[in-house]
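Trainee: Need a 3D model of the sequence below.
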Amino acid sequence: MLNFLRPALAALALAIAAPAHAQALKDADPALWVVEDADTTIYLFGTVHVLKPGLSWFDEAVWAAFNQSDQIMLEMIEPDQATMAGMIMKLAVNPAGPALTDKLPAEKRPAYTKALADLGIPAASLDRFDPWFAAVTLSVAGLPKLGYNPESGAERTISAAAKAAGKKLEGLETAEQQLGYFDSLPEPLQIQFLVSTVDEFPKMGSELDKMVASWAAGDPESLAALLNEGMRETPEIGKRLLSDRNARWAEWIEQRMQTPGNVFIAVGAGHLAGRDSVQAWLAKRKLSAKHIRY
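Mentor: Residues are numbered from 1 along each chain as shown. Here you go, the predicted structure:
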């Protein structure tokens, strides 16, 4: 289920940044695409929101595409911690009704409690939150222990570079929209989401490592296979968090192609992989995304 957490990882990881240490850089060459006509060029770059320090990826063709673009589009512009906390209190708190632990299937409660205990979180502390928030918490809170640092994430790097260069920086969505995708899920789906996250918790590190390795190798096919495995488990969530959003972004790109200029779009790599990718939706609109080999 990690692939479905990408919308929230960038936002909620604000509070768990781990200190970075100097180390030798390892070369990474993530996949990059371009959609272009006579006077408009739009680059599509797939990101990983939280990375381990030490990967050298913002160079070569990726840097050239960024450097040539006047407009930078991310999934969202990160709010400050106070704003994010306010959104979470507004959307995720559920003061009435049964406690979250009691909503889980009885056979899943011990694993849920153990997973939280491994992170130093008492299970009761999340009992008045929605299931989706507990799922996101399980997936985000343990990332520093696994060596992942939000400060090394692609969005942070691209955002900082855009601000330093005075480039126009915008979001395709807002943080409240992204959290709303989770919050608007029917409760049975939220519980299914949480159960799946609990089941996958012991192997979260190895699965994320595989995804990052595929991303760093510029291998969208391998990445799609990893992500589609999770989509098969809960296709309703995959539709809402991936496919439907990809379709909207393809529509945005089609409209933006009518205005001359260069645009660099950076979204979670899962959105640029598989049969429901942004590129697939662009093809339905008679727009071709060319894979840039470098």
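Trainee: What about D183, how many residues nearby?
Mentor: Using other CB atoms under 10 Å, D183 has 17 neighbouring residues. Using the backbone N, CA and C atoms, a C-beta is placed for each residue, glycine as well.
Trainee: wait, what's in contact with it?
Mentor: 91-92, 130, 132 (CB atoms under 8 Å, 6 or more residues apart in numbering).
Trainee: which of these tops the neighbour count?
Mentor: Result: W132 is most packed of these (other CB under 10 Å), 27 neighbours.
Trainee: Can you tell me the element that one falls in?
Mentor: Per DSSP states H and E, W132 falls inside helix 131-141.
Trainee: now E176
Mentor: Assigned by DSSP H and E, E176 belongs to helix 175-183.
Trainee: same question, E207
Mentor: With DSSP H and E as the criterion, E207 is inside helix 204-216.
Trainee: tell me the mean pLDDT for that helix?
Mentor: Averaging pLDDT along helix 204-216 gives 93.
Trainee: Please name every helix or strand in contact with the helix holding W132.
Mentor: Helix 131-141 sits against helix 6-12, helix 81-92, helix 100-103, helix 109-118, helix 175-183, helix 187-200, with contacts defined as 3 or more CB pairs under 8 Å, 6 or more residues apart in numbering; DSSP states H and E.
Trainee: after it, next one along is what?
Mentor: helix 154-165.
Trainee: residues of that next one that come out buried?
Mentor: 154-159, 161-162 (16 or more other CB atoms under 10 Å).
Trainee: Name the spans of the stretch 1-150 of the chain whose pLDDT lies under the cut-off.
Mentor: Along the stretch 1-150 of the chain, segments meeting pLDDT under 70 span 1-24.
Trainee: how does it look with 80?
Mentor: Regions of the stretch 1-150 of the chain meeting the criterion pLDDT under 80 cover residues 1-24, 150.
Trainee: cool, the stretch 151-294 of the chain as well?
Mentor: 151, 227-234.
Trainee: at 90 instead, please
Mentor: 151-153, 220-221, 223-241, 274-275 (pLDDT under 90).
Trainee: Which of the three states applies to the residue of the chain most remote from its centre?
Mentor: Largest separation from the mean C-alpha position in the chain: A38, at 32.0 Å (CA atoms, centre = their mean). For A38, the assignment made with DSSP: H, G, I helix; E, B strand; the rest coil gives coil.
Trainee: ok, it to I77 distance?
Mentor: 31 Å (CB to CB, to the nearest Å).
Trainee: now do D27
Mentor: Using CB to CB, one gets 29 Å for the distance from D27 to I77.
Trainee: Those two - which one has more neighbours?
Mentor: I77 (16 against 10).
Trainee: Surely that one and L169 touch.
Mentor: Yes: using CB atoms under 8 Å, I77 and L169 qualify as a contacting pair, with a distance of 6.9 Å.
Trainee: Name the residues contacting each of the two.
Mentor: Taking CB under 8 Å, 6+ apart as the contact rule, I77 and L169 both touch S159.
Trainee: Could you check how far L25 is from N67?
Mentor: Counting by CB to CB - L25 and N67 are separated by 19 Å.
Trainee: just W281 next, same as before
Mentor: Distance, W281 to N67, by CB to CB: 27 Å.
Trainee: what about these two, which has more around it?
Mentor: W281 (23 against 12).
Trainee: and the closest residue to the more buried one other than its chain neighbours, helix, strand or coil?
Mentor: Spatial nearest neighbour of W281, chain neighbours left out: A250 (3.5 Å); criterion: CB to CB, 6 or more residues apart in numbering. Following three-state DSSP, A250 is assigned to helix.
Trainee: Run a quick check on A250 versus D276, I expect a contact.
Mentor: No: in this structure, A250 is not within contact of D276 by CB under 8 Å, at 10.5 Å.
Trainee: then stretch 29-38 to PDB, C-alphas only?
Mentor: Taking Å, rounded to 0.1, in the frame of the first residue of the first chain, the C-alpha atoms of stretch 29-38 are listed here in PDB:
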ATOM      1  CA  ASP A  29      19.000   8.300 -13.600                       C
ATOM      2  CA  PRO A  30      15.200   8.500 -13.000                       C
ATOM      3  CA  ALA A  31      12.900   8.400 -16.000                       C
ATOM      4  CA  LEU A  32      12.000  11.600 -17.800                       C
ATOM      5  CA  TRP A  33       9.500  12.200 -20.600                       C
ATOM      6  CA  VAL A  34       8.700  15.200 -22.900                       C
ATOM      7  CA  VAL A  35       5.500  16.300 -24.600                       C
ATOM      8  CA  GLU A  36       6.100  19.000 -27.200                       C
ATOM      9  CA  ASP A  37       4.800  20.800 -30.200                       C
ATOM     10  CA  ALA A  38       6.100  23.800 -32.200                       C
END
